[in-house]
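J.: fold the following for me, if possible:
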Amino acid sequence: MLQSASVTVSTSSPASGRENAGGRVAYARRDPASVAQLMTQHLDMARPGSDAEALRLLRQAFPGAPLTARVEAMARRSR
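T.: Sure, this is the predicted structure:
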């Protein structure tokens, strides 16, 4: 005959308090200048072959950034 066992697991809340209810880590918002710099660095490392590919890469890496910020990062890189 099989016996049933009950296990109770309790977890403590994260010490940093950065995790939201969905279990995702919440990061602080950055100022637009630092986001533009991060985008430019991302493009420098990825070395996209076309403008369309660059926009796609930036959209995937920075989904919350507006299109104008992504285009500005591309323009900065071409200077």
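J.: residue 59 contacts residue 69, doesn't it?
T.: No. Counting by CB atoms under 8 Å, residue 69 is not a contact partner of residue 59; they are 10.9 Å apart. Where you see a C-beta, it was placed from the backbone N, CA and C, and this is true even at glycine.
J.: so these two - more neighbours on which side?
T.: Legend: neighbour count by other CB atoms under 10 Å for residue 59 and residue 69, higher for residue 69 (16 against 12).
J.: okay, now residue 55: neighbour count?
T.: By other CB under 10 Å, 17 other residues sit near residue 55.
J.: that one is in contact with residue 69, isn't it?
T.: No. Using CB under 8 Å as the test, residue 55 is too far from residue 69 to be in contact (11.3 Å).
J.: surely residue 54 is in a helix?
T.: Yes. Assessed by DSSP: H, G, I helix; E, B strand; the rest coil, residue 54 belongs to a helix.
J.: neighbouring contacts of the lengthiest helix in the chain?
T.: Ordering each helix of the chain by length in residues (DSSP state H) puts helix 32-46 first. Here helix 32-46 makes contact (CB atoms under 8 Å, 6 or more residues apart in numbering) with 30, 54, 57-58, 61-62, 65, 69-70, 72-74, 76-77.
J.: same thing but 7 Å
T.: Helix 32-46 has contacts (CB atoms under 7 Å, 6 or more residues apart in numbering) with 54, 57-58, 61-62, 65, 69-70, 72-74, 76-77.
J.: lowest-confidence one in the residues you listed?
T.: Of all the contacts of helix 32-46, residue 77 carries the smallest pLDDT score, 82.
J.: pull out the buried residues from the contacts of helix 32-46.
T.: 54, 57, 58, 62, 65, 69, 70, 72, 73, 74 (16 or more other CB atoms under 10 Å).
J.: so which of those residues belong to helices?
T.: Reading helices off the buried ones among the contacts of helix 32-46 with DSSP H, I get 54, 57, 58, 69, 70, 72, 73, 74.
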